[in-house]
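**Q** Need the 3D shape of this:
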Amino acid sequence: MALKKRELLENVFTEHSELQLWKCAGDGAQEYEIIINGVFIMATYNSGSSEHLIRGAVERLKGKEHLSVLIAGLGMGFTVAEACRSEKIESIDVVEMEKVIVDWNKKYFATYEQACYDQEKLSLAIEDFYVYAMNSTKAYDIVSIDIDNGPMLLVNEGNEKVYTRSFLGVIEGVLNEGGVCVIWSCDRDRRLEHSMKSIFDEVEIEQLTENFKGRKVSYYLYFGRKRDHK
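**A** I've put the predicted structure just below:
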């Protein structure tokens, strides 16, 4: 879409970041954008790859049901909404570090998410995902990680540790047998690919193309599957 007018709705400083919410108008539509520390994160007109994080992971679980999901990074809620729509997913734990992101989702994006926060199968924690995963006593069938723009375009420098081989080993440890970890990235990252291949039994990379402000942009989803010993 051609965005002809942008209005800054909120500008919030937290312990970790400066977060901006912009309202955009163009072609008869109203959209929103989130900027963190000066870096574009996502927009309501740019949701396909966020939804495919869940769809792609569920497809790789080959018909399994009663799935448990851990979602790192709320964003605009598209990944969470996709998980809520899936009849195969039984429980959803969402971890988001910034409370203001949660507030914006409930205030501005409810129509996009179809009120998924009211579902009993969903729980939401305001916490650093790294800390959450390091201390998790739960096991999941899917772990979806979309906390910034990937390892090559970090929003916060502290997020770099999430993409390390050692932390990916932690994620592999919280997955059930046959479980899937999926990571969103704005670029093809060979180091991430290599690290995932050293941890997971199967690794696949999907390239998705979306329309972004009138041009085609590619994003990359990294799927790593834990060995199923059954």
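
**Q** what pairs with Tyr140 across the strands?
**A** Leu175 (DSSP bridges).

**Q** For it, grab the count of nearby residues.
**A** Close neighbours of Tyr140, defined as other Cβ atoms under 10 Å, add up to 23. C-beta coordinates here come from the backbone N, C-alpha and C atoms, glycine included.

**Q** now swap in the one 5 residues further on and tell me
**A** Other residues lying near Ile145 total 26 when counted by other Cβ under 10 Å.

**Q** repeat for Ile101
**A** Counted with other Cβ under 10 Å, Ile101 comes out at 23.

**Q** C-terminal to the worst-scoring helix or strand of the chain on mean pLDDT, which secondary structure element comes first?
**A** For the chain, counting by mean pLDDT, DSSP states H and E, helix 110-113 ranks last in confidence among helices and strands (a mean of 68). Toward the C-terminal end, the helix or strand that comes next after helix 110-113 (DSSP states H and E) is strand 122-126.

**Q** quick one: Met212 and Gly48 touch, right?
**A** Small correction: residue 212 is Phe, not Met. No - using Cβ atoms under 8 Å as the test, Phe212 is too far from Gly48 to be in contact (10.6 Å).

**Q** In contact with Glu90, which residues?
**A** Applying Cβ atoms under 8 Å, 6 or more residues apart in numbering to Glu90 gives the contacts Glu65, His66, Leu67, Ser68, Lys121.

**Q** give me that answer again for 10 Å
**A** The contact partners of Glu90, by Cβ atoms under 10 Å, 6 or more residues apart in numbering, come to Glu65, His66, Leu67, Ser68, Val69, Lys121, Asp141.

**Q** confidence score at the closest residue to the second one other than its chain neighbours?
**A** What that stands for is His66. Closest residue to His66 apart from its sequence neighbours, by Cβ to Cβ, 6 or more residues apart in numbering: Glu90 at 4.6 Å. With respect to pLDDT, Glu90 scores 96.

**Q** go on, Asp189?
**A** 93.

**Q** residues contacting it?
**A** Neighbour list for Asp189: Gly150, Pro151, Met152, Leu153, Tyr163, Ile183, Ser195, Met196, Ile205, Tyr220, Tyr222 [criterion: Cβ under 10 Å, 6+ apart].

**Q** how does it look with 7 Å?
**A** By Cβ atoms under 7 Å, 6 or more residues apart in numbering, Asp189 lies in contact with Gly150, Pro151, Met152.

**Q** ok, now Phe223?
**A** Residues in contact with Phe223 (Cβ under 7 Å, 6+ apart) are Gly56, Ala57, Arg60, Val180, Val182, Val203, Glu204, Glu206.

**Q** And those, which of them are buried?
**A** The neighbour-count test (16 or more other Cβ atoms under 10 Å) applied to those identifies Gly56, Ala57, Arg60, Val180, Val182, Val203 as buried.

**Q** From these, pick the one nearest Arg188.
**A** Closest to Arg188 out of the buried ones among the contacts of Phe223 is Val203 (13.1 Å), distances taken as Cβ to Cβ.

**Q** That closest one is in contact with Met196, isn't it?
**A** Yes - if you go by Cβ atoms under 7 Å, Val203 and Met196 touch, sitting 4.8 Å apart.
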